[in-house]
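[1] let me see the structure of the following:
(one chain, ligands or ions: 2)
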Amino acid sequence: MMRVIVAGAAGRMGRRVGVMVDRHPDLVYGGAFEVPGSPAVGSDAGELAGLGRNGVLIGAGFESVIEDGDVIIDFTFHEATMSFARLAADHHKAMVIGTTGLSGDQLAELAELSAHFPCVQAPNMSVCVNVLFKLVKKTAAILGNDFDIEILEAHHNKKKDAPSGTALKLGELAAEGVGRRLADVGVYERSGIIGERTSQEIGIQSIRAADIVGEHTVFFAGPGERLELTHRAQTRDHFARGATIAAAWLAGKPNGLYSMFDVLDLQDL
Ligand SMILES: NC(=O)C1=CN([C@@H]2O[C@H](COP(=O)(O)OP(=O)(O)OC[C@H]3O[C@@H](n4cnc5c(N)ncnc54)[C@H](OP(=O)(O)O)[C@@H]3O)[C@@H](O)[C@H]2O)C=CC1
Ligand SMILES: O=C(O)C1=N[C@H](C(=O)O)C[C@H](O)C1
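    Residues are numbered from 1 along each chain as shown. Ligands and ions are numbered 1, 2, ... in the order given. Sure thing, here's the model as predicted:
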């Protein structure tokens, strides 16, 4: 059995992760924490997740619970995530990172840290979204330069980062499919007299509204026809379940940075 520590256990994802850990046959809920000073500190994590009391009390900060688990599942905030990753590396604990909004520098540091611990990092833990990632790259490669590529994402009004990590990954993969780099061709806002669209650009637009869980559409628009690939999340359970699949998969894995493509064996597709 792998003992799981849930970072941000009182958050929207943290609570659903708690439920999915409870349902996973190879995982046990070992520890939970929130930021010191949070009103959730001292609460029973099981009760907070709607599982009923499980005796896992929410600790104040990662260090207060670090010996209570073998793998940390993190859906918090990018700066906090990096501080947890440094500690996980020091203590040789495995880690699953779902938090988005990590900068290029933070991702580079994570890659270096992963020499000391096994870590799965992915902007979307849903199995279906990882299939979408594959489809988008292949579709872009098949349709090529005659089709304009645009991405639209919609999320709830509490989301802090934009565009979503998933939309950025979709953009990167679409760009790779047509031999471009998103860093060179990504367009994130359009306003005013901006002139005609260039053939190479890939637009990524964000909607933030009410309680939308998460929706992503990639448009491939050609002359007289359009292909749209869409994923709609109706609950957070698929993300949380994916994170628990990743946590169990990490048991006994060598140090290194892995993605959900490794976990789901999609790397060569
Ligand atoms: N990869 C994936 O599949 C998915 C990724 N995400 C990503 O996960 C992240 C979290 O999303 P969501 O659950 O909606 O956000 P929430 O704000 O609901 O949850 C984050 C939790 O982390 C806590 N937290 C923040 N800083 C710390 C810290 N230093 N120590 C301990 N706890 C901390 C927050 O506390 P407080 O409220 O007090 O700040 C909060 O309880 C986002 O980056 C989101 O994009 C979301 C869904 C799926
Ligand atoms: O913040 C969210 O809610 C989500 N964030 C992830 C992202 O930024 O891609 C994944 C999912 O869409 C939900």
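[2] when you work out contacts or count neighbours from here on, use the C-alpha atoms and nothing else.
    OK.
[3] near ligand 2, which residues of the stretch 151-269 of the chain?
    Selection of the stretch 151-269 of the chain residues close to ligand 2 by CA under 6 Å from any ligand atom yields 159, 164-166, 213-214.
[4] filter those residues down to the buried ones and hand me the ChimeraX line.
    Here is the ChimeraX command that selects the buried residues among those (16 or more other CA atoms under 10 Å):
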select :164,165,166,213,214
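[5] among the residues of the stretch 151-269 of the chain next to ligand 2, which ones are in strands?
    Within those, residues falling in strands by DSSP state E are G214.
[6] distance of P254 from A115?
    When CA to CA, to the nearest Å is the yardstick, P254 and A115 sit 9 Å from each other.
[7] ok, which stretches of the stretch 1-150 of the chain are strands?
    2-7, 27-34, 58-60, 71-74, 94-97, 118-121, 148-155 (DSSP state E, counting those that start in this stretch).
[8] name every strand pairing with the shortest one and say which way it goes.
    Same thing as strand 58-60. strand 27-34 (parallel) (DSSP bridges).
[9] I'd guess I207 is in a strand, am I close?
    Yes - counting by DSSP: H, G, I helix; E, B strand; the rest coil, I207 is located in a strand.
[10] count the residues that sit near it.
    14 (other CA atoms under 10 Å).
[11] who are the contact partners of it?
    Shown in contact with I207 (CA atoms under 8 Å, 6 or more residues apart in numbering): 152-155.
[12] for G14, same thing?
    6-8, 74-75.
[13] can you do 10 Å?
    Contact analysis of G14 by CA atoms under 10 Å, 6 or more residues apart in numbering lists 6-8, 20, 32-34, 45, 48-49, 73-76, 240.
[14] now, which of those sits nearest E109?
    Closest approach between the contacts of G14 and E109, by CA to CA: D74, at 16.7 Å.
[15] could you list the residues of the stretch 101-250 of the chain in contact with ligand 1?
    Checking the stretch 101-250 of the chain against ligand 1 by CA under 6 Å from any ligand atom, the hits are 122-126, 239.
[16] before we move on, the earlier item: widest-spaced pair of the residues of the stretch 151-269 of the chain next to ligand 2?
    Maximum distance among these (CA to CA): 13.8 Å, for G165 and V213.
[17] overlap of the contact sets of those two?
    Shared contacts of G165 and V213 (CA under 10 Å, 6+ apart): none.
[18] sorry, back to before: closest one to E176 among the strands of the stretch 1-150 of the chain?
    strand 148-155 (12.1 Å).
[19] CA atoms only for that closest one, dumped as PDB, please.
    Provided in PDB are the C-alpha atoms of strand 148-155 (Å, rounded to 0.1, in the frame of the first residue of the first chain):
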ATOM      1  CA  ASP A 148      -6.100  27.600 -39.100                       C
ATOM      2  CA  ILE A 149      -5.700  26.300 -35.600                       C
ATOM      3  CA  GLU A 150      -7.500  28.000 -32.700                       C
ATOM      4  CA  ILE A 151      -8.000  26.900 -29.100                       C
ATOM      5  CA  LEU A 152     -10.800  27.900 -26.800                       C
ATOM      6  CA  GLU A 153     -10.900  27.000 -23.100                       C
ATOM      7  CA  ALA A 154     -13.600  27.700 -20.400                       C
ATOM      8  CA  HIS A 155     -13.200  27.400 -16.700                       C
END
